[in-house]
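S.K.: no sequence for this one, just the structure:
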């Protein structure tokens, strides 16, 4: 088994199911379907098929407010080669016992399971990811690690661990679709489809995710070596803050040099960057977990929730409690459902045909 890879092995994947939860990221779906549809047109035949699946067979509305008609319910989804969960991190089954049991049943009976973006959360809730490695989008990472300590989150675009495949986001889903095309139709066809979409290069699943840097138009991998190393030290020491002098010592430069390098690269001092990173981690947990504000404060190195609240409000303009209330969070154990009000329902329901 090759870890940190989106290589699906010798078994061909031609029929993909997408299990849609309310509020799923539409880009993850269209990145795969549009790409595979183009491959079918290029081949002049239906090489790939796809089915839209929901828990009950009802339509699902994407986070952008666009509704999609389902082809079948989860109970009927047994003819696919692979089933990908697409959702936000808060998604749960309306009836968790049969829903999670169905996923475990499919895994035991040879259906490959996967998840993209926030879909890794309901997949982990089913127990299928227990003890496995998985790709988790950087914006959900802290919340995921807190909620599912039995899983190992990997900073990669895609991770394969046995029969479970996880994808970090929409662009990585596009890469996966291209790889499936290459496996089925050859590299020339894969390259032509990539060029149709002006996709410059097929990235390996083992590539690291691009992570933005605060106050900068660059990403972490584009930082000078000492700054990048310091950022890594900061990210590894969120719960127990490390001193700037110690970080400078470990990067092999003086505190003054670290200060200058950081300000040049990010516009922030090392201390301010570190504080904002801890606040970003706290915000993930506020929005995507049910941990108490006090527990969150301690997990990001604050002595009390009042100190966290003071800094949080100064940076984000709201308190952690207010931010949690503003973020759509259903009660635990209740399915995440986005109400379809008159101002949210588009005139046309999107329906994808197979091929």
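M.R.: Now that the structure is in, tell me what you want to look at. The structure displayed is predicted, hence computed values, not measured ones.
S.K.: I figured residue 304 was touching residue 296, is that so?
M.R.: No: contact criterion Cβ atoms under 8 Å: residue 304 and residue 296 do not qualify, at 11.4 Å. All C-beta spots, glycine's among them, are computed from the backbone N, C-alpha and C.
S.K.: so which of those two has more stuff around it?
M.R.: Neighbour count, other Cβ atoms under 10 Å: between residue 304 and residue 296, residue 296 has more, with 25 against 12.
S.K.: elements contacting the helix or strand containing the more buried one?
M.R.: For residue 296, the host element (DSSP states H and E) is helix 293-299. Applying 3 or more Cβ pairs under 8 Å, 6 or more residues apart in numbering; DSSP states H and E, one finds that helix 293-299 makes contact with helix 270-288, helix 305-316, helix 320-326.
S.K.: redo these as a markdown table? Include mean neighbour count.
M.R.: Converted to a markdown table, the helices and strands packed on helix 293-299 look like this (neighbours: other Cβ atoms under 10 Å):
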| stretch | mean neighbour count |
| --- | --- |
| helix 270-288 | 21 |
| helix 305-316 | 16 |
| helix 320-326 | 15 |
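S.K.: rebuild these as TSV, extending it with mean pLDDT and distance to residue 120.
M.R.: Below are the helices and strands packed on helix 293-299 laid out as TSV (pLDDT from 0 to 100; distance: least, Cβ to Cβ, whole Å):
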stretch	mean pLDDT	distance to residue 120
helix 270-288	87	11
helix 305-316	92	25
helix 320-326	88	21
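S.K.: could you dump the ones you listed to CSV with distance to residue 109?
M.R.: Converted to CSV, the helices and strands packed on helix 293-299 look like this (distance: least, Cβ to Cβ, whole Å):
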stretch, distance to residue 109
helix 270-288, 31
helix 305-316, 46
helix 320-326, 39
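S.K.: which intervals of this protein have sub-threshold pLDDT?
M.R.: Scanning the chain for pLDDT under 70 picks out 1-11, 200-219, 221, 328-355.
S.K.: where do the helices sit along it?
M.R.: For the chain, the helices defined by DSSP state H cover 26-43, 96-108, 120-125, 141-147, 170-185, 187-196, 225-236, 244-251, 255-266, 270-288, 293-299, 305-316, 320-326.
S.K.: next up, the contacts around residue 13.
M.R.: For residue 13, the contact set (Cβ atoms under 8 Å, 6 or more residues apart in numbering) comprises 81, 82, 112, 180, 183.
S.K.: for it, which non-adjacent residue is closest in space?
M.R.: Computed as Cβ to Cβ, 6 or more residues apart in numbering, the closest residue to residue 13 that is not its neighbour in sequence is residue 81, at 4.6 Å.
S.K.: can you pull the phi/psi pair for the one you found?
M.R.: phi -80, psi -30 (degrees, to the nearest 10).
S.K.: next, the distance between the ends of stretch 147-160.
M.R.: 21 Å (Cα to Cα, to the nearest Å).
S.K.: now do residue 27 against residue 112, distance only.
M.R.: From residue 27 across to residue 112, the span is 22 Å (Cβ to Cβ, to the nearest Å).
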